[in-house]
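> Compute the structure for the input listed below.
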Amino acid sequence: MAEQPSPEFELTPAAAARVAWIAERQAKPAVLRLSVEGGGCSGFQYRFGLAETVEPDDRVAETDGVRLVIDPVSLDLVRGARVDFVESLGGAAFQVSNPNAAAGCGCGTSFSI
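Here you go, the predicted model:
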């Protein structure tokens, strides 16, 4: 199956700029993979990493030439999510606004459905 563009989730321009910056310094493609794993203090946790390739069944959202890819299993848990990059006095991090999350932890890296 060919790579499919996805309106099912969003990568903000701020997040795209940060991914491009990281990818350039690591000499990797500007492709951010978001996956969901069991664990964390609320049951599920987000995992981010630069991807070398886009898998055939991945869903893809693109912003400013940067791609956010999510596998089909994780997509069921984050459909409708918005991935942003936020800088504050407390630090800088990618942040997921997930409409499917019923609860989350204080650090924002884990959630429950």
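> use CA for all of it now, contacts and neighbours both
Noted.
> what sits against the residue nearest the centre of the chain?
Closest to where the C-alpha atoms of the chain average out (Cα atoms, centre = their mean) is Leu34, at 3.6 Å. When contacts are counted by Cα atoms under 8 Å, 6 or more residues apart in numbering, Leu34 touches Tyr46, Arg47, Phe48, Gly49, Leu68, Val69, Ile70, Asp71, Ser74.
> Just the pLDDT at the residue nearest to it when sequence neighbours are not counted, thanks.
Leaving aside its sequence neighbours, Leu34 sits nearest to Phe48 (Cα to Cα, 6 or more residues apart in numbering; 4.9 Å). pLDDT recorded at Phe48 is 91.
> and if you look at Leu77?
pLDDT, Leu77: 88.
> C-terminal to whichever strand or helix holds it, which secondary structure element comes first?
Assessed by DSSP states H and E, Leu77 sits inside helix 72-78. Later in the chain than helix 72-78, the nearest helix or strand by DSSP H and E is strand 82-88.
> Many thanks, we can stop here.
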